[in-house]
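[1] Here's a sequence, model it:
(one chain, ligands or ions: 1)
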Amino acid sequence: MKDLWFFLKLFKPHSGWLSGGIILSLLTAFASVALLTLSGWFISASAIAGLVAVDGNTLAFNFMLPAAQIRALAITRTLGRYGERVVTHEATFRVLAGIRCWFFRQLIPLVPGRLSTMRSGDLLSRMTADIDALDALYLRLLAPAIVAAIGVTAVTVFLAFYAPVISLATGLMLVIASVWTPWVFNRLGRAGAEEIVVLAANFRIRQLDMIQGLADLIANRAYGRFSDKLGQFSDLMIDIQRRNNRLSAVSSAFTLLLSQVTLLMALVLAAIAFQDGLLSGADSALVVFCVTAAFELVTPLPQAMQMLAKTQKAARRIRQITEMPPTIIPPTQAIALPDSYGLQLNDVSFRYSDQQDRVLKNINLTIPQGGKIAIVGPSGSGKTTLLQLIMRYYDPEQGSVLLGGQNIKQFDSDELMSCFGVLSQRSQLFAATIKENLLIAKPDASATELNAAIKAAGLENFIAYLPEGLDTWVGESGVKVSGGEARRIALARLYLKNAPVLVLDEPTEGLDADTERDVFTALADFARDKTVIMVTHREAGLGLVDVVYGMEQGVLREL
Ligand SMILES: Nc1ncnc2c1ncn2[C@@H]1O[C@H](COP(=O)(O)OP(=O)(O)OP(=O)(O)O)[C@@H](O)[C@H]1O
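    Below you'll find the predicted structure:
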């Protein structure tokens, strides 16, 4: 439950819309119960008045007032229902939008280091389906529960004025229907509801994996096997969903049964009260119709409580992410960025987890402002990890990293990142136009700045030949441009950002010799007055740097 309480606190900024929705729900529920109750009384009272008149007696019966009240209640119920739907849904969308923004804010400190270990499909599932599942918290749980609690109390008090025994019996049955039954079905449905959340998330992860790796699956003739597995998974989900739906149907049937038993009981008790002269004929009808209508208030609760576990599970899954400790702790009082951008690593050691060996071992490195070094070494020796420590994705287990003579732990992480221009073989292109991809580095770049970056990155001819030029869509992750073109777009971004320290992680990996030469030529010019640290497997880029280091099993040595 504490997960749900946590999210309820996030509802606070939308309390106006949320309480507006509950007030309208209450108004609609009141109109609904009153309409049936008054109609029952009116029809019976009119019939009785008619019978008395047939006997030859006259009876003064005002048809006009109750008829007008019934009309007013019918209109209130219709308008109330409409308003309630609009307001409660608006409230829910606002709450979900708020939770999504909050979730993104919580993700930011986790991006360096922590999120890289998560599967993107899993994260996506938590960001979309799990947050969506929280809509039930207000729409299906909170609002109906408040309406039921107030409605049941009001109906019981109202009935007590006419027939205390019926009021007591109905109150008891309503409590059974609104508290005990939902509690029982919550317990019975918990496992299935939780299971479906996890299965649906895994299903989405598998689907995403299949879509992303479609070409490889087809090339390896593995598509059939993968889709069969997905089919089996889907059958399992259908089985569990069927079980959940069966339980929902049982809960609805049980609530209906309770309402019918209560109605029968009210009829018998009203008949006895009528015989004893304690209730008039019309009032007997009023009481019985009121009991019938009152059950409408509690009908949605058992099903809602059965699915409460689903909402709880989704809430827990979201919090599992937001409560991950970030790999770095921001400084309590950040200092201003330095004037110079030399880098220094003092006796730096690092391991990813306590269970793992050290990936970096006692590294000492000094790169003066404007200095340029390259690190070469076998795969897995720790080169990329070293770059990540320099950009403070992680903090060293031992030793310190200095920028401009100051420990990087003292800088605000956002500001620190503004010092680095990163080019790697994995530079991400977004499903947007070339121009939008470039502007990520500098949203307010002028046309002149854009053209200069395009020219420097050697993209001029490529863009000139495109019918839509800079407005050409690069496709999902840049699939519509070649590897070399994508790297040049990333290079142009690097120019636009114009950061004082360049972090180049195998910047020409996967490119042909000509493109590689062009990229390094462009970089040499651009990097002239910048501090450069480059990781490479290739000889070609070594002309760009002053010193080459070798990395082997986490140990750095000048070559
Ligand atoms: N997020 C991580 N969690 C745990 N271990 C990791 C993580 N990232 C890398 N490693 C491990 O740390 C070691 C060094 O990895 P790193 O990526 O720094 O090597 P590298 O020299 O850059 O390799 P490559 O040249 O292949 O890119 C490897 O053994 C790798 O498996």
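[2] Show me what from the stretch 1-150 of the chain comes close to the ligand.
    Ser116, Thr117 (C-beta under 6 Å from any ligand atom). Quick note: C-beta positions are derived from backbone N, CA and C, even for glycine.
[3] where in the stretch 1-150 of the chain is pLDDT low?
    By pLDDT under 70, the weakly predicted segments of the stretch 1-150 of the chain are 52-61.
[4] The nearest residue to Leu360 once chain neighbours are set aside - how many residues pack around it?
    Nearest non-adjacent residue to Leu360, counting by C-beta to C-beta, 6 or more residues apart in numbering: Phe350, 4.3 Å away. With neighbours defined by other C-beta atoms under 10 Å, the count for Phe350 comes to 22.
[5] Contacts only, for Phe350.
    By C-beta atoms under 8 Å, 6 or more residues apart in numbering, the contact set of Phe350 is Arg358, Val359, Leu360, Thr385, Leu389, Tyr394, Pro396, Glu397, Gln398.
[6] Quick check: the second one touching Thr384?
    This points to Val359. No. Using C-beta atoms under 8 Å, Val359 is not in contact with Thr384; the gap is 9.7 Å.
[7] if we can go back for a sec, how confident was the prediction at the residue nearest to Leu360?
    On the pLDDT scale, Phe350 is placed at 94.
[8] ok, it to Ile434 distance?
    Distance of Phe350 to Ile434, computed by C-beta to C-beta, to the nearest Å: 37 Å.
[9] In CSV, list the contacts of Phe350 along with neighbour count.
    Below are the contacts of Phe350 laid out as CSV (neighbours: other C-beta atoms under 10 Å):
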residue, neighbour count
Arg358, 16
Val359, 20
Leu360, 26
Thr385, 19
Leu389, 23
Tyr394, 19
Pro396, 19
Glu397, 14
Gln398, 14
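[10] ok, for the residue nearest to the spatial centre of the chain, nearest residue in space, not its chain neighbours?
    Nearest to the mean C-alpha position of the chain, by C-alpha atoms, centre = their mean, lies Met127 at 2.8 Å. Spatial nearest neighbour of Met127, chain neighbours left out: Phe103 (6.4 Å); criterion: C-beta to C-beta, 6+ apart.
[11] so what's the one you found up against?
    Here Phe103 is in contact with Met127, Ile131, Ile318, Ile321, Thr322 (C-beta under 8 Å, 6+ apart).
[12] repeat for Asn186
    Contacts of Asn186 by C-beta under 8 Å, 6+ apart are Met305, Gln306, Leu308, Ala309.
[13] Same question for Leu345.
    By C-beta under 8 Å, 6+ apart, the neighbours of Leu345 are Ile363, Asn364, Leu365, Thr366, Leu386, Leu389, Ile390, Gly399, Ser400, Val401, Leu402.
[14] how close does it sit to Thr433?
    Leu345 is 39 Å from Thr433, by C-beta to C-beta.
[15] The nearest residue to Arg538 once chain neighbours are set aside sits in which helix or strand?
    Leaving aside its chain neighbours, Arg538 sits nearest to Thr508 (6.1 Å; criterion: C-beta to C-beta, 6+ apart). Assessed by DSSP states H and E, Thr508 sits outside every helix and strand.
[16] Would you agree Thr508 is in contact with Ala490?
    No. Thr508 is not in contact with Ala490 according to C-beta under 8 Å; the separation is 11.2 Å.
[17] quick one: the strands in the protein?
    343-350, 360-367, 372-376, 398-403, 406-407, 420-424, 501-505, 531-535, 547-552, 555-558 (DSSP state E).
[18] Dump these to a markdown table, plus distance to the ligand.
    A markdown table is the format used below for those (distance: least, C-beta to the nearest ligand atom, whole Å):
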| stretch | distance to the ligand |
| --- | --- |
| strand 343-350 | 9 |
| strand 360-367 | 8 |
| strand 372-376 | 9 |
| strand 398-403 | 15 |
| strand 406-407 | 22 |
| strand 420-424 | 10 |
| strand 501-505 | 8 |
| strand 531-535 | 6 |
| strand 547-552 | 6 |
| strand 555-558 | 11 |
